[in-house]
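S.K.: A structural model of the following input is requested.
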Amino acid sequence: MLATRKNGFTLIELMIAMMLGIIVVGGAMSMYISTIRTSADIVKSARLNYDLESSMQFMMNEIRRAGYWSGAVTGSNALDNPFMLGAANITISNATGVTANSCILYSYDGETINGSVDEEEYYGFKLESSTIKIRYNVAGTSAANLTCNAGSWENILDTDNIETRISER
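M.R.: Purely as a prediction, here's the structure:
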């Protein structure tokens, strides 16, 4: 009787082929995960840069308004501008327990055309806890208590995004 040779793979050949397949698939998955992670980091960095640039532009535009007076008509004396006198003038100061020169306070004739500083025309920015905060016009604020710690301050940046990017560096 003639012995016929059967075509096929042995168990060892199948195991080696499977092991090589697993190594190739594992390498491809590793590269895919690395690419996704890098892509996410780039998106976060771009968002942070956009947020910071937008905030800086907003701050520059607001601070440029400091001292604006609707009563400044032809022939008026600039020394009479109530938004440039005393506590209403632009000041850079320190908030207690915060880095030096981390707060800027200013005023401008933003809501009324009465020509005098009222309690709702004091504004500011401060750096606190890795974010920038803004002070909008707050009723009840007067020149006497115009400080970096008084009033209501709101974040203008996404603090989670900033904290995440700082901790990753």
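
S.K.: contacting residues for Trp153?
M.R.: Gly124, Lys126, Glu128, Lys133, Ile134, Arg135 (C-beta atoms under 8 Å, 6 or more residues apart in numbering). Using the backbone N, CA and C atoms, a C-beta is placed for each residue, glycine as well.

S.K.: Leaving out the residues flanking it, which one is nearest to the second one?
M.R.: In this case it means Lys126. Cys103 (3.9 Å; C-beta to C-beta, 6 or more residues apart in numbering).

S.K.: Report the beta-bridge partners for the one you found.
M.R.: Ser93, Lys126 (DSSP bridges).

S.K.: Report the separation between Thr91 and Ile36.
M.R.: With the distance defined as C-beta to C-beta, to the nearest Å, Thr91 ends up 48 Å from Ile36.

S.K.: more neighbours, the two?
M.R.: More crowded of Thr91 and Ile36, by other C-beta atoms under 10 Å: Thr91, with 17 against 10.

S.K.: any idea how far the closest residue to that one other than its chain neighbours is from Leu52?
M.R.: For Thr91, the nearest residue in space outside its immediate sequence neighbours is Leu105; the separation is 5.1 Å by C-beta to C-beta, 6+ apart. With distances defined as C-beta to C-beta, the gap from Leu105 to Leu52 amounts to 22 Å.

S.K.: and Trp153, what are its phi and psi?
M.R.: phi -120, psi 140 (degrees, to the nearest 10).

S.K.: And the buried ones among the contacts of Trp153, selectable in PyMOL?
M.R.: Per 16 or more other C-beta atoms under 10 Å, the buried members of these correspond to this PyMOL selection:
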select buried, resi 124+126+128+133+134+135
